[in-house]
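[1] I'd like to go over a predicted model; first the sequence, then the structure.
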Amino acid sequence: MSASGCRVRFAPSPTGYLHVGGARTALFNWLLARRSGGRFVLRIEDTDRSRHVSDSLEKILADMRWLGLEWDEGPEADGGADDAAGEGDFGPYCQSERLAIYQEHVQRLIDSGHAYYALETPEELAAMREQARAAKTDYKYRRPDPLPTAEQAQAARDAGRAVVVRLKMGDTAITVMDDILGEVTLAADQLEDFVIQKGDGWPTYHLACVVDDALMKITHVLRGQEHLMNTPKHIAIQRALGFDTPHYAHLPIIFNMSGSKMSKRDKEKALKRGEVPPEIDVHDFRVSGYLPEALLNFISLLGWSTGDDTEQITLDETTERFSVEGVGKGSAKFDRDKLLSFNTDWAAKVSEDRLLECFVDYLQVNGSPLAELPEATLRRMLELCKGFRTFPDVITKIGFAFVDDSAIEYQEKAVRKVLEKNDGAGYAALRNVVICLESLEPWTASAIEAELTKFCEANDLKLGGVAQPLRVALSGGTVSPAIFDTLELVGRERTINRIKQTMMQGSEQQ
RNA sequence: GGCCCCUUCGUCUAGAGGCCUAGGACACCGGCUUUUCAUGCCGGCAACACGGGUUCGACUCCCGUAGGGGUCACCA
């Protein structure tokens, strides 16, 4: 796209957390704005009060910020807006605060003969649809003739009936010029007079969206392909109102590996089956210990590619390379394995400071007491667990170092294999090594390494012969970071204590 | 069902008529490294949905078929 200074928008409905599909849409819009030196507008589409979920605006803003997709205009914008509200020059940016604007435009359409009052109730409409379905014919709303007058509409309202406003569709086909899909034409007989103002006086999505895009001077609309069939309606409204039509680009839809649409439903279903629910919302990935860098990078490659063999690139590099033309037409499946791989690589790649920052966020968002650990300790944990895939792996691997000695659970399998096998060779190793450890000075990884190496030579053991028993003694299982570092981190006192505790349990059983 | 969109390895994709013996990444399989678990390194398996055209030549262009998806609300 050669256009410069694109004004784009991301327009979520406040119905919960930000969905990954929405995040991809937000990202592409953000990318286009940054790439063209334009503005990224965040607009909240909350015209349906019945669907409103409390807190969801805050949640969406938090998710956007976590991803690093800052918006220039919109609620709590930090784009340096100089208007009173600090949101931007074309606010308000929540549709719930723009009712008068919509009603004014609806009135204009009525006055100009482009729209009319319609008196059918939802029940009547549903019955007509049902009738058509039973007769196996296509239902299409038929424009009343003559049209209800303003007086009739008022009389209906006075009688307690809700009155809607519909837009008159012309009798010519409408062609969408899509920057990804090309020309898409919808024949005139496929278009019907649709509702632009609901019975409660609020605009429908179509009207609000078009009016806002025009008033907010949006030049490019990037949205999901599920909106493709809405676009002719939007173009019709634009024409009736005398607005310019922005560029449109409909992004391919993101699916599950199973081929179904990714939805919150998946979480409920998994829960019902007693499975771990899959991450669907951005917040889910945050809680599961993914890095924003990895999620963003992975998501950017859903429907778009760098054009060469490079895949792992920063947001800045993505911005440099991104173009709407480079977006593919086909839908994409969300491959969690690949995301996991990306996360592993990003965790190994970002700076220590950044990794620490993300780790702390992970711990906090999960309400973990480990969040209170000294920074140096958290850094050490991260360093010892290098190669981890997501943050929970770190806890799994080294979390035992931060619990009470009495909380260690000894895994039966590990005890049998590492301690009891060969006439209790593991116990024997522990019994002997604990003596060396008790007097070792200083208690550092290198000193421990020297001591254990010496110990192995003296006892004709391989390192594993003592490292594994120590692992079981300290953690209850067979997995930990390098044994010397682990001992250092756990500390002498607790190391000795856990070894003795292990031996005691062993002798009880014998 | 009507309309619309889509179709390269299992998955994400590169490919814009000869560069293709179709490239990369994830997954998978095998090997190496290793005190455990990971990580890392090396190697391997694996695709142009099908059928017609057009062309000296089609993964690339056209038509059809099949399959997948979207949409048909006073929800966005």
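    That came through, no problem.

[2] can you map out the strands along the stretch 51-200 of chain A?
    With DSSP state E, counting those that start in this stretch as the criterion, the stretch 51-200 of chain A has strands at A:115-118, A:164-167, A:174-178, A:182-186, A:195-197.

[3] could you give the residue of the stretch 1-150 of chain A that lies closest to RNA strand B?
    A:Glu45 (2.7 Å; C-beta to the nearest atom of the strand). (C-beta placed from N, C-alpha, C; glycine too.)

[4] nearest to RNA strand B, out of the strands of the stretch 51-200 of chain A?
    strand A:195-197 (3.8 Å).

[5] thinking again about what came up before, what about the residue of the stretch 1-150 of chain A closest to RNA strand B? Give its phi and psi, please.
    Taking degrees, to the nearest 10, you get phi -100, psi 90 for the backbone angles of A:Glu45.

[6] how about A:Phe10: what's its closest non-neighbour residue?
    A:Ala26 (4.2 Å; C-beta to C-beta, 6 or more residues apart in numbering).

[7] and what of A:Gly328?
    A:Gly303 (5.2 Å).

[8] not counting its neighbours along the chain, what's nearest A:Pro278?
    Nearest to A:Pro278 is A:Asp266, by C-beta to C-beta, 6+ apart, at 5.5 Å.

[9] so the one you found is in which element?
    In the assignment (DSSP states H and E), A:Asp266 maps to helix A:264-272.

[10] looking only at pLDDT, what's the mean for stretch A:74-89?
    Stretch A:74-89 shows a mean pLDDT of 73.

[11] assumed the residue nearest to A:Gly328 was part of a strand.
    No - the assignment for A:Gly303, made by DSSP: H, G, I helix; E, B strand; the rest coil, is coil rather than a strand.

[12] show me what contacts the one residue sitting closest to the centre of chain A?
    Central residue of chain A (C-alpha atoms, centre = their mean): A:Val282, 1.9 Å from the mean position. If you count contacts by C-beta atoms under 8 Å, 6 or more residues apart in numbering, A:Val282 has them with A:17-20, A:23, A:63, A:66-67, A:295.

[13] next one: A:Asn343
    A:Asn343 neighbours (C-beta under 8 Å, 6+ apart): A:290-291, A:294-295, A:389-390.

[14] ok, back up a step: could the strands of the stretch 51-200 of chain A be laid out in CSV, adding mean pLDDT, mean neighbour count and distance to A:Phe342?
    Output for these, formatted as CSV (pLDDT from 0 to 100; neighbours: other C-beta atoms under 10 Å; distance: least, C-beta to C-beta, whole Å):
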stretch, mean pLDDT, mean neighbour count, distance to A:Phe342
strand A:115-118, 98, 22, 49
strand A:164-167, 98, 24, 45
strand A:174-178, 96, 17, 29
strand A:182-186, 95, 12, 31
strand A:195-197, 98, 24, 43
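
[15] so which of those gets nearest A:Trp30?
    strand A:174-178 (20.0 Å; C-beta to C-beta).

[16] so the residue lying farthest from the centre of chain A: helix, strand or coil?
    Taking C-alpha atoms, centre = their mean, the residue of chain A most remote from its mean C-alpha position is A:Ala458, at 55.5 Å. The assignment at A:Ala458 comes out as helix when based on three-state DSSP.

[17] any idea how far A:Asp393 is from it?
    36 Å (C-beta to C-beta, to the nearest Å).

[18] rewinding a little: what pLDDT does the residue nearest to the centre of chain A get?
    At A:Val282, pLDDT is 97.

[19] again, but for A:Lys267
    89.

[20] show me what from the stretch 101-250 of chain A comes close to RNA strand B.
    Within the stretch 101-250 of chain A, the positions adjacent to RNA strand B are A:120-122, A:125, A:129, A:138-139, A:162, A:164, A:181-182, A:184-187, A:190, A:194-195, A:198-200, A:202, A:204-206, A:225-230 by C-beta under 7 Å from any atom of the strand.

[21] got a PyMOL select line for the buried ones in those residues?
    Command for PyMOL that selects the buried part of these, burial taken from 16 or more other C-beta atoms under 10 Å:
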select buried, chain A and resi 120+164+181+184+186+194+195+198+202+204+205+206+225+227+228+230
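
[22] OK, contacts around the residue nearest to A:Pro278?
    With C-beta under 8 Å, 6+ apart, A:Asp266 has these contacts: A:256, A:260, A:277-278, A:280.

[23] in strands, which of those residues fall?
    Among the contacts of A:Asp266, no member falls in strands (DSSP state E).

[24] ok, the closest residue to A:Phe400 other than its chain neighbours - contacts?
    Spatially, and ignoring its direct neighbours in sequence, A:Phe400 is nearest to A:Ser475 (4.2 Å; C-beta to C-beta, 6+ apart). Residues in contact with A:Ser475 (C-beta under 8 Å, 6+ apart) are A:400, A:408, A:486.

[25] which among these gets closest to RNA strand B?
    A:Thr486 (8.0 Å).

[26] and the closest one, what element?
    Residue-wise, A:Thr486 maps onto helix A:483-490 under DSSP H and E.

[27] how about the CA coordinates for whichever helix or strand comes after that helix, as PDB?
    Later in the chain than helix A:483-490, the nearest helix or strand by DSSP H and E is helix A:492-509. Output in PDB follows, covering the C-alpha atoms of helix A:492-509 (Å, rounded to 0.1, in the frame of the first residue of the first chain):
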ATOM      1  CA  ARG A 492      22.900 -25.700  52.600                       C
ATOM      2  CA  GLU A 493      20.500 -25.900  55.500                       C
ATOM      3  CA  ARG A 494      17.500 -27.000  53.500                       C
ATOM      4  CA  THR A 495      19.600 -29.300  51.300                       C
ATOM      5  CA  ILE A 496      20.900 -31.200  54.300                       C
ATOM      6  CA  ASN A 497      17.400 -31.200  55.800                       C
ATOM      7  CA  ARG A 498      15.800 -32.600  52.700                       C
ATOM      8  CA  ILE A 499      18.400 -35.300  52.300                       C
ATOM      9  CA  LYS A 500      17.900 -36.400  55.900                       C
ATOM     10  CA  GLN A 501      14.200 -36.300  55.500                       C
ATOM     11  CA  THR A 502      14.500 -38.500  52.500                       C
ATOM     12  CA  MET A 503      16.700 -41.000  54.200                       C
ATOM     13  CA  MET A 504      14.400 -41.100  57.100                       C
ATOM     14  CA  GLN A 505      11.400 -41.900  54.900                       C
ATOM     15  CA  GLY A 506      13.600 -44.600  53.300                       C
ATOM     16  CA  SER A 507      14.500 -46.300  56.500                       C
ATOM     17  CA  GLU A 508      10.800 -46.200  57.700                       C
ATOM     18  CA  GLN A 509       9.800 -48.200  54.700                       C
END
